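Student: When you get a sec, could you give me coordinates for this:
(chains A and B)
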Amino acid sequence: MTALEWIRFLLGALLLLSGTFFIVSSVVGNFRFRYVLARMHAAGLGDTLGTLLLFAGILILCGFSVFTLKLLLIILLMWTTGAVSSHLIMQMEINSGSSADGRKEK
Amino acid sequence: MIALFINWVEGEDTVPVPEKDSPSRNPGREKRHSTKVSNRVGSSSSHTKELTLLYDVLSVVVCLTVICALLVTVSWLPKFGSSDNPAENEVYTRYVESELREAGAVNTVAGMILDYRAFDTLGESNVLFVAVVSVIILLRADRKGKNHTLNLPELATTPEEKPDDEILRFSARILIPAVLLFGIYVVLNGHLSAGGGFSGGAILGGAMILYVRAFGVEKMEKIFTFSTYKWITFGALMTYTLLKTWSFYTGANGLESGIPLGKPGAILSGGLILPLNICVGLVVACTMYAFYSLFSKGGFGNGQ
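Tutor: Predicted coordinates:
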């Protein structure tokens, strides 16, 4: 492989690994936090930053094609809908005031 | 080791219990205790400790057993694409060989569900309609917002959704045209590519739910009320029934019915499949919106 290909491979791998890290930490945070807003923060992080990094890694590794254009569309959709849906759930929690947390405190 | 990991992921060891009297509205209050897992287990009685250990071990064992059983089952499945599979019979061959000639749809699945088995699809659409009718009988509130069938006072006192969320409205303004366009594309291209009335109708219904959630019932009422729902569903089901009656009357099964099949691959092809797809899509979209509005408000709006 030429130097340019090595750079592309390393960059893509780095993005993939960091995306995986964010998604794994979002899953762990979802289970470990007890309070709703903290858990929603973790979930929203995985929804937006995790998918962005993962798809950016795939985009760099696969090169430019119709397939990667669709990946760009998916990123756009995730960033529009994922963040807004977390926002709505948090708004609901703040408005209702009741605990939407499945795990009740002892 | 596994039990320790499960406990760590469950977060039982460090996350504090919020006070009962003041529910923790403030995430900053969530300070961490330094209690370790061993302390938690040690403080409980030995009976509970054994039970917890048993539970952890049993859950792991059950999970592993199920995983192994499923893997063994999958390994015994017939090879994919092999010629002596049970799925490889004359029904499949018949559909693949003569669907394009008899029904005229490039998408063989659309030809199957809307031509050979159109009666079955009519039943499915009617099931959706009957489901909405049942929910209306059970949940619909009267003009004063009261529900008489189930005596559900909380339905009447549901706080009115205030569509004042600028974030939601902005993203809905961006998303709804794209979603509607995509849904219409999926419905209209059901006989050419994957998709069809059911999936496209679900997308359209999702767009309608997003619209009413973002902009409020008043705006939705200008274009979609209960009578709109009635007429659209009635018209779609009636059109479906009449078209398929004609098709069955002339013999079905690819016999000549006077309806041109068109050139395969063109948008106006496939005989009755395109109008039937549109009918099914309308019914599904209306059903999804009806379920949302009935379950959230007990009606289609203020004036019903």
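Student: For the rest of this, base every contact and every neighbour count on C-alpha atoms.
Tutor: Will do.
Student: What does the pLDDT read for the closest residue to chain B within chain A?
Tutor: Each residue of chain A has a distance to chain B, by CA to the nearest CA, and the smallest belongs to residue A:32, at 4.4 Å. Looking at residue A:32, its pLDDT is 87.
Student: correct me, but it touches residue B:9?
Tutor: Yes: the pair residue A:32 and residue B:9 passes the contact test of CA atoms under 8 Å, sitting 5.7 Å apart.
Student: more crowded one of the two?
Tutor: For residue A:32 versus residue B:9, the count of surrounding residues by other CA atoms under 10 Å in any protein chain shown is larger for residue A:32: 21 against 17.
Student: picking that back up, separation between the residue of chain A closest to chain B and residue B:213?
Tutor: 32 Å (CA to CA, to the nearest Å).
Student: got it, and residue B:291?
Tutor: Between residue B:291 and residue B:213 the distance is 14 Å, computed by CA to CA.
Student: Enumerate every residue touching residue 72.
Tutor: No chain in the question, so chain A it is. Residues counted as contacts of residue A:72 (CA atoms under 8 Å, 6 or more residues apart in numbering or on different chains) are residue A:55.
Student: State the three-state secondary structure for it.
Tutor: helix (DSSP: H, G, I helix; E, B strand; the rest coil).
Student: same question, residue B:262
Tutor: Residue B:262 falls in the coil class when you classify it by three-state DSSP.
Student: leaving aside the residues next to it on the chain, what's closest to it?
Tutor: The shortest distance from residue B:262 to any non-neighbouring residue, by CA to CA, 6 or more residues apart in numbering or on different chains, is to residue B:269 (4.4 Å).
Student: Is it correct that that neighbour is in contact with residue B:190?
Tutor: No: between residue B:269 and residue B:190 no contact is recorded; they are 11.0 Å apart, counting by CA under 8 Å.
Student: in which helix or strand would I find residue 79?
Tutor: With no chain named, the answer covers chain A. Mapping residue A:79 onto the secondary structure by DSSP states H and E places it in helix A:66-96.
Student: what is the mean pLDDT for that helix?
Tutor: When pLDDT is averaged along helix A:66-96, the result is 86.
Student: now it, how far from the chain's geometric center?
Tutor: With CA atoms, centre = their mean, to the nearest Å as the basis, the distance from the averaged C-alpha position of helix A:66-96 to the chain average is 10 Å.
Student: Next: stretch B:261-278.
Tutor: Distance of stretch B:261-278 from its chain centroid, counting by CA atoms, centre = their mean, is 26 Å.
Student: residues of that stretch that come out buried?
Tutor: B:261, B:264-265, B:268-278 (16 or more other CA atoms under 10 Å in any protein chain shown).
Student: Then stretch B:114-129?
Tutor: Counting neighbours by 16+ other CA under 10 Å, one finds that the buried residues in stretch B:114-129 are B:114-116, B:118-119, B:121-122, B:125-126, B:128-129.
Student: Extract the residue ranges of the stretch 51-200 of chain B that are flagged as low pLDDT.
Tutor: Of all residues in the stretch 51-200 of chain B, those with pLDDT under 70 make up the ranges B:140-164.
Student: got the residues of the stretch 151-300 of chain B near chain A?
Tutor: Where the stretch 151-300 of chain B comes near chain A, counting by CA under 8 Å from any CA of the partner chain, the residues are B:167-168, B:171.
Student: Which PyMOL command selects the buried ones in the residues you listed?
Tutor: Selection of the buried residues among these in PyMOL, burial being defined by 16+ other CA under 10 Å:
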select buried, chain B and resi 168
